[in-house]
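Q: 3D, please:
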Amino acid sequence: MAEAKKQEVAEQGKQQASLVVNNAFVDGLVAQLQQKEKFGLTFPKGYNYANELMGAYLILKETYDNNKKCVLESCSQVSIANTLMDMVTMGLSMQKKQCYPVAYGGKLQCQVSVYGNTCVARNYGMKNIDAMCIYEGDEFKYHIENARIVIDSHTQDFMNINIDKIIGAYAIVTMDDGDQYVELMNISMIKQAWKQGFGYKENGSGTHQKFTDQMAMKTVKNRALKYIIRTYGTQMLNDAYDNVEAAENEDRTVLDVNYDVAQNANSEDFAVEQQNTAESVEEPKTVEMERADADVVEDADLPDFMK
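A: I've put the predicted structure just below:
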């Protein structure tokens, strides 16, 4: 009996693995990438995009939107395909937390972490990146040379370190050939960048307020890394980053509200006016219209390999 149970569990495992490995959706993306390789798309050494796609697909199976619905059901197939294609085009791994999926407005988007940007920049000649906060009372001097920032000195007293007195931050990128690039932001620029993100509240008590120094350095690092990627990356890589940055600049709250309104437009309850007569003793009735099937995707909206 126990042996039969083991065989049953093993068979279920094989079936689940088969669903992933033989998934037509993932196979279609792999076929597209093989075609792109013929036109110059390259990947980091040791990067297996088929494995990364399958790993990401498994993660999506356990990723839910704001309505607690699996993103594979709530997001359009086109947006899912584009998200996964952007991920592998950038040579990133969702399994290694280099990027992560974000769902809103019925669409899936790929968001890149600082760690992910660091990995991409290293593929294009970056050796190291360092960042530091500037506090009130620090002695910080720099000059501009050939339209590039050159830091002359930064003297800091230990007693000046106070997250409520940060006035700026900078990051220094060192390339393999010894060349350096400096990104410098004052606190107003940093907070403006935070406002572009999702979840930041200027007068809140979240991560940005509790770990202001870490978040400030993360922001200036990210900007420096994107400069390296944009400057040294391929056209295909830059196209993928265009998609990511376009999504970052969208108002997710508005998109979510519009999507929910559209999805629920055909499922509202309408009260039937009660007859005001002596013979009428029935309670007001409600008529619920049939909900449109949100999972139906028109052929025109599907990627070519799924038609």
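Q: CA atoms for contacts and neighbours, from now on please.
A: Fine.
Q: any low-confidence regions in the stretch 1-150 of the chain?
A: Residues of the stretch 1-150 of the chain meeting the criterion pLDDT under 70: 1-22.
Q: where exactly do the strands run in it?
A: 99-104, 107-112, 126-135, 139-145, 148-155 (DSSP state E, counting those that start in this stretch).
Q: Look up how far residue 82 lies from residue 72.
A: Counting by CA to CA, to the nearest Å, the separation of residue 72 from residue 82 is 13 Å.
Q: who has more neighbours, those two?
A: A count of neighbours by other CA atoms under 10 Å puts residue 72 above the other of residue 72 and residue 82, at 20 against 17.
Q: got the contact list for that one?
A: The neighbours of residue 72, taking CA atoms under 8 Å, 6 or more residues apart in numbering as the test, are 60-61, 80.
Q: go on, residue 70?
A: 60-64.
Q: The same query, at a cut-off of 10 Å, please.
A: Going by CA atoms under 10 Å, 6 or more residues apart in numbering, residue 70 touches 60-64, 103.
Q: between the contacts of residue 72, which has the most around it?
A: residue 80 (22 neighbours).
Q: what sits against that one?
A: 25, 57, 60, 71-72, 86, 101, 103, 107-110.
Q: and the end-to-end length of stretch 165-184?
A: 17 Å.
Q: these two touch, right, residue 244 and residue 84?
A: No: taking contacts as CA atoms under 10 Å, residue 244 lies outside contact range of residue 84: 11.6 Å.
Q: Show me the common contact partners of these two, please.
A: Common neighbours of residue 244 and residue 84 (CA under 10 Å, 6+ apart) are 109-110.
Q: who has more neighbours, the two?
A: Set residue 244 next to residue 84 and count neighbours by other CA under 10 Å: residue 84 wins out with 25 against 18.
Q: Who is the most centrally placed residue in the chain paired with across the strands?
A: The residue lying closest to the centre of the chain (CA atoms, centre = their mean) is residue 111, at 1.5 Å. Going by DSSP bridges, residue 111 is paired in beta bridges with residue 100.
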